[in-house]
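>>> need coordinates for the following:
(2 chains)
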Amino acid sequence: MEIVKLLNALPGACAQGLIWGIMAIGVYITYKVLDLADLTVDGTMATGGAVCVMLMLNGHSAGFSLLVAVGAGMLAGLVTGILHTVMGIPAILAGILTQLGLYSINLRIMGGRANQSIGVDQYDLWVSLRWVKDVPFYKNPIFVVGLFVILLIAVLYWFFGTELGCSIRATGCNANMSRAQGINTDISKILGLVISNGIVAFSSGLYAQYQGFADVNAGRGAIVIGLAAVIIGQVVFGKIRGNFAFKLLSVAFGAIIYYLVLQIVLKLGLEPNDLKLLSAFVVAVFLSIPYLKGKYFAKPVKRGGASNA
Amino acid sequence: MLRIEHIWKTFNVGTVNEKTALKDLSLELKEGDFVTVIGGNGAGKSTMLNAVAGVWPVDEGKIFIDDIDVTRLPEHKRAAYLGRVFQDPMTGTAANMQIQENLALALRRGNFRFLKSGITKAEREDYQEKLKVLDLGLEERMTSKVGLLSGGQRQALTLLMATLKKPKLLLLDEHTAALDPKTAAKVLDATERIVGRDHLTTLMITHNMKDAIAHGNRLIMMYEGNVIYDVSGEEKKRLKVADLLAKFEQASGGEFANDRMILT
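Below is the predicted model of the structure:
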């Protein structure tokens, strides 16, 4: 009986995981490409949904509302970027400041209420949890969001191959070298934060539609879930040598795995309220593994390459 | 070519660590000059190079490259005129990017970067030819991550990147100091070849007095933030290490050159 219940919950977990996968791809850009931990996303993950739902309640289309949501997310990224580069505030603190400010802004966007719901029957949504089963495939959120994920990865793969994209990657890899090669590293960082938060806000907008409501607390701990997805993707698919597109895809799959595991532990009897603790624990463990491995289980490595230098 | 006019730089102003690294330093380089720079620790050699590169603003004075006043230009804008190789092999390259991607970044130094392709097919063939000049077999490993290369290979690659787009001025900050003697000789050899081929105006810091004498057409010695000895042409060719040591002791009031300067 439990197994059947679990199987019934899987498509929903899959769809939810895919939506958060988009968010995790945004986190990947700051955390892995730019080498910054950007905590703005905890705010942006609520902002996108708030903007999207409020616009739709006011009669705008889902597409237009999502577009504006992306713009709002980009604006949040811009603020963090300016705080970090122009004002010289450490990246983590800059993100926290923006995130905190966004809480008030998110409440204002939602007319002072902590949440705003949007009915699937009255509004023309792109995705909804009501369509996980028994609908034509093109309405299924797994298909719709999966399409967005592929599209997003294609665009990002192209972008990070351009001159501008390469300069952002170089900035994350070695800022000194980048400046010596004429790259304005401040602009690179701001641009990376803007793109990342735009993607997160898009995910947030989709998530609000999927759930049928926007919530001011929707982003609490979002960075941890994003990191979890990045890390799970790395652990599960890291052995396969793939290009940048494959790495982004593995992040999306990481998010799906995260939500599947979540469903399983919920069915095993864990309280939903304990999930955040579990997430924090899992991420802490996985983040510390490389360090602990290097410190306590270091194998002597033969130094190669120097002889033919 | 390069004109440094009365620059001053003090670090950690108002603290116990306050240090005036450059004191009213002036220097002029002619087109095609290959100048070697020597001096003890804390003489201001690297500080001078960083001042030219614009790593931070100078307190006073002016810096001109080709009569363009670059004193107020930020580091990434000055990069259009400069090729730089650093002492630490890790500094000059992006470890997580491919060899060819690093070269492509260097080729676009000074260009406005937008949505054009980050690396083209024609470029790749060109890089392959240029990597062959280094004679390290890197042309076979164009798509390898730079992080997999040895220190010497990375320095040679950085040198190629610094000169891929012909700079007005090449700044070499002890770029062989972190390498073993054999590799250092190889990188120095490549430096000599590239500078000679492209007639690059070059400022090369070195701790090795023999290298300072053997390379370039001009040698300057720095002490406490200023140039205390400047020799070029025939006079430089006749220089011996002993002459330099004597000069150094004279300038520093009998203080001995440090071990590293004597031993290398």
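>>> low-confidence stretches in the stretch 101-250 of chain B?
When residues are selected by pLDDT under 70, none of them lie in the stretch 101-250 of chain B.
>>> next: the stretch 151-300 of chain A.
For the stretch 151-300 of chain A, the stretches flagged by pLDDT under 70 are A:299-300.
>>> and it, which residues reach chain B?
Proximity of the stretch 151-300 of chain A to chain B is assessed by C-beta under 8 Å from any C-beta of the partner chain, with A:159, A:161-167, A:169-170, A:173-174, A:176-185 identified as the residues in range. Glycine gets a C-beta too; all of them are placed from N, C-alpha and C.
>>> so for the strand or helix carrying A:Ile22, what's the average pLDDT?
When elements are assigned from DSSP states H and E, A:Ile22 belongs to helix A:2-28. When pLDDT is averaged over helix A:2-28, the result is 90.
>>> repeat for stretch B:65-75
In this model, stretch B:65-75 has an average pLDDT of 95.
>>> contact partners for residue 27?
I went with chain A, as the question did not name one. Listed by C-beta atoms under 8 Å, 6 or more residues apart in numbering or on different chains, the contact set of A:Val27 reads A:38, A:41, A:196, A:200, A:223, A:226-227, A:229-230.
>>> not quite, go with chain B.
The contact partners of B:Leu27, by C-beta under 8 Å, 6+ apart, come to B:2-4, B:48, B:220, B:227.
>>> redo that, cut-off 6 Å
B:Ile4 (C-beta atoms under 6 Å, 6 or more residues apart in numbering or on different chains).
>>> may I ask you to confirm that it belongs to a strand?
Yes - the assignment for B:Leu27 is a strand, going by DSSP: H, G, I helix; E, B strand; the rest coil.
>>> can you name the residues bridging to it?
Taking DSSP bridges, one finds B:Ile4 as the beta-bridge partners of B:Leu27.
>>> where does the closest residue to chain A within the stretch 51-200 of chain B fall, helix, sheet strand or coil?
Among all residues of the stretch 51-200 of chain B, B:Gly152 sits closest to chain A, at 3.2 Å; criterion: C-beta to the nearest C-beta. Judged by three-state DSSP, the three-state class of B:Gly152 is helix.
>>> how close does it get to A:Leu102?
As defined by C-beta to C-beta, to the nearest Å, B:Gly152 lies at a distance of 49 Å from A:Leu102.
>>> more neighbours: these two, which one.
Each of B:Gly152 and A:Leu102 had its neighbours counted (other C-beta atoms under 10 Å in any protein chain shown), and the higher figure belongs to A:Leu102 (26 against 23).
>>> show me what the helix or strand hosting that one is packed up against.
Counting by DSSP H and E, the element that carries A:Leu102 is helix A:91-109. When contacts are defined as 3 or more C-beta pairs under 6 Å, 6 or more residues apart in numbering or on different chains; DSSP states H and E, helix A:91-109 packs onto helix A:41-57, helix A:62-85.
>>> now tabulate those helices in CSV and tack on distance to B:Leu170 and mean neighbour count.
Shown next, in CSV, are the helices and strands packed on helix A:91-109 (distance: least, C-beta to C-beta, whole Å; neighbours: other C-beta atoms under 10 Å in any protein chain shown):
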stretch, distance to B:Leu170, mean neighbour count
helix A:41-57, 43, 29
helix A:62-85, 29, 22
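>>> redo those as TSV? Include mean pLDDT and distance to chain B.
Supplementary listing: the helices and strands packed on helix A:91-109 in TSV, determined by pLDDT from 0 to 100; distance: least, C-beta to the nearest C-beta, whole Å:
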stretch	mean pLDDT	distance to chain B
helix A:41-57	97	23
helix A:62-85	98	12
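>>> and B:Gly110, which of those is closest to it?
Of all the helices and strands packed on helix A:91-109, the one in closest proximity to B:Gly110, counting by C-beta to C-beta, is helix A:62-85 (21.4 Å).
>>> and the contacts of that closest one?
By C-beta under 6 Å, 6+ apart, the residues outside helix A:62-85 that reach it are A:40, A:44, A:47-48, A:51-52, A:55-56, A:89, A:91, A:94-95, A:98, A:124-126, A:186, A:189-190, A:193-194, A:197-198, A:200-202, A:205.
>>> distance between it and the chain's centre?
A distance of 14 Å separates the centroid of the chain from that of helix A:62-85, by C-alpha atoms, centre = their mean, to the nearest Å.
>>> output that helix as PDB, restricted to C-alpha atoms.
Written as PDB, here are the backbone C-alpha positions of helix A:62-85 (Å, rounded to 0.1, in the frame of the first residue of the first chain):
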ATOM      1  CA  ALA A  62       1.300  33.800 -17.900                       C
ATOM      2  CA  GLY A  63       4.100  34.500 -20.400                       C
ATOM      3  CA  PHE A  64       4.200  38.200 -19.800                       C
ATOM      4  CA  SER A  65       4.000  37.800 -16.100                       C
ATOM      5  CA  LEU A  66       6.900  35.300 -16.100                       C
ATOM      6  CA  LEU A  67       9.000  37.700 -18.200                       C
ATOM      7  CA  VAL A  68       8.500  40.500 -15.700                       C
ATOM      8  CA  ALA A  69       9.300  38.100 -12.900                       C
ATOM      9  CA  VAL A  70      12.600  37.400 -14.600                       C
ATOM     10  CA  GLY A  71      13.300  41.100 -14.900                       C
ATOM     11  CA  ALA A  72      12.600  41.500 -11.200                       C
ATOM     12  CA  GLY A  73      15.000  38.700 -10.400                       C
ATOM     13  CA  MET A  74      17.700  40.300 -12.600                       C
ATOM     14  CA  LEU A  75      17.200  43.600 -10.800                       C
ATOM     15  CA  ALA A  76      17.800  41.800  -7.400                       C
ATOM     16  CA  GLY A  77      20.900  40.300  -8.900                       C
ATOM     17  CA  LEU A  78      22.000  43.700 -10.100                       C
ATOM     18  CA  VAL A  79      21.600  45.100  -6.500                       C
ATOM     19  CA  THR A  80      23.700  42.400  -5.000                       C
ATOM     20  CA  GLY A  81      26.300  42.800  -7.800                       C
ATOM     21  CA  ILE A  82      26.600  46.500  -7.200                       C
ATOM     22  CA  LEU A  83      26.800  46.000  -3.400                       C
ATOM     23  CA  HIS A  84      29.600  43.500  -3.900                       C
ATOM     24  CA  THR A  85      31.700  45.200  -6.600                       C
END
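>>> give me the angle between it and helix A:41-57.
Here helix A:62-85 runs at an angle of 150 degrees relative to helix A:41-57 (axes from the mean of the first three to the mean of the last three C-alpha atoms, to 10 degrees).
>>> how much does helix A:62-85 deviate in direction from helix A:91-109?
With the same axes, to 10 degrees as the basis, helix A:62-85 and helix A:91-109 are set at 140 degrees to each other.
>>> tell me who's in contact with residue 163.
In the absence of a named chain, this looks at chain A. Applying C-beta under 6 Å, 6+ apart, we find A:Glu163 in contact with B:108, B:113, B:116, B:118.
>>> switch to chain B, please.
With contact taken as C-beta under 6 Å, 6+ apart, B:Thr163 is in contact with B:83, B:194.
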